[in-house]
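J.: sequence plus predicted model, see below.
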Amino acid sequence: MDSITPPWILIVDDEPLIVEELKEFFEHSGYRVTGCHTTEDALRAFQQDEAIGIVLSDMHMPGLTGLQLVGEFNRLARPGRLYEFAIFTGSADKQEIIQALRAGVSDYYQKPLNLDELQEGVTRLQERLEQQVREQQIKRRIQDLAASLHEIHSDAPNKAAVPLPAQNDACLPSSPNAASIPEPFDKLSRRQLAVTQLIAKGMTNYQISCELGITENTVKLYVSQILRLTRVHNRTQLALSYPTHA
């Protein structure tokens, strides 16, 4: 589950009538649902469809128990995959429920099931998933930004004389001699000059990122730096003010 959309529900119970009743109930509520009558089918469905974000499983079934099933799901899930697991049980064994919660089960429901209570629980699980997705997205943005800042920081101390990695040199526009660079462009590093030249050619941030082999976020940060150093207000003014002979 990589985006904030209603999660696919996987229902696992060896009683076909329960599976069909729950499937119809949640589909009527707007969810997509897969029903399985065996733990083997459930494991196969979980592996094949990463859209599955909520698993509702009986605790006691032939083959694997619900406790063993959540352990297998945890083993099979790729790093970063998000899902929530809840169990049904007709048992009042508190120790069994505690073991399930320790194994990663998010919630449990006593049989016979109260559908209104179960729906409220699924809504809570969906909200938890959505929060986790948002946190993952923020973490990825921070990592991308950190990588971009690191790249820019590595470029910042030196000007045009600093060589760039060999794989990027072939993509860079030819750099003018420092003496031929007019103000205020003489304040720019070689990388900043390269970005400026490509802006002057009318390239978009995406095109510049492909040309120089850097991320689009890094290009945006370079553009912000260039505008600040050259004291122009926008990239259009930058393109017009950059000398074509430089």
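T.: On my side now, so go ahead. Numbering: from 1, shown residues only.
J.: all helices of this protein, in order?
T.: 16-28, 39-48, 66-76, 94-103, 115-155, 166-169, 190-200, 205-212, 216-230, 235-241 (DSSP state H).
J.: deepest-packed of the ones you listed, please.
T.: The highest mean neighbour count among the helices of the chain, using mean count of other C-beta atoms under 10 Å, belongs to helix 190-200: a mean of 23. Glycine gets a C-beta too; all of them are placed from N, C-alpha and C.
J.: please state the offset of that one from the chain centre?
T.: Centroid separation between helix 190-200 and its chain, computed with C-alpha atoms, centre = their mean, to the nearest Å, is 31 Å.
J.: just the CA atoms of it, as PDB, please.
T.: C-alpha atoms of helix 190-200 as PDB (Å, rounded to 0.1, in the frame of the first residue of the first chain):
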ATOM      1  CA  ARG A 190      30.600  25.300 -11.900                       C
ATOM      2  CA  ARG A 191      27.500  23.300 -11.200                       C
ATOM      3  CA  GLN A 192      25.400  26.400 -10.700                       C
ATOM      4  CA  LEU A 193      26.800  27.800 -14.000                       C
ATOM      5  CA  ALA A 194      25.800  24.600 -15.800                       C
ATOM      6  CA  VAL A 195      22.300  24.900 -14.400                       C
ATOM      7  CA  THR A 196      22.100  28.500 -15.400                       C
ATOM      8  CA  GLN A 197      23.300  27.800 -19.000                       C
ATOM      9  CA  LEU A 198      20.600  25.100 -19.400                       C
ATOM     10  CA  ILE A 199      17.900  27.500 -18.000                       C
ATOM     11  CA  ALA A 200      19.100  30.000 -20.500                       C
END
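J.: and residue 231, its phi and psi?
T.: phi 60, psi 40 (degrees, to the nearest 10).
J.: from here on, count from 18
T.: OK, 18 is where the count begins now, so the last one is residue 248.
J.: now it: how far from residue 200?
T.: 10 Å (C-beta to C-beta, to the nearest Å).
J.: low-confidence ranges, this structure, go.
T.: 18-22, 109, 165-197, 261-263 (pLDDT under 70).
J.: follow-up on the earlier one: reformat the helices of the chain as TSV; add distance to residue 23.
T.: Output for the helices of the chain, formatted as TSV (distance: least, C-beta to C-beta, whole Å):
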stretch	distance to residue 23
helix 33-45	10
helix 56-65	17
helix 83-93	20
helix 111-120	25
helix 132-172	7
helix 183-186	43
helix 207-217	42
helix 222-229	31
helix 233-247	30
helix 252-258	40
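J.: re earlier: more neighbours: residue 248 and residue 200, which one.
T.: residue 248 (10 against 7; other C-beta atoms under 10 Å).
J.: quick one, what contacts the more buried one?
T.: Residues in contact with residue 248, defined by C-beta atoms under 8 Å, 6 or more residues apart in numbering, are residue 201.
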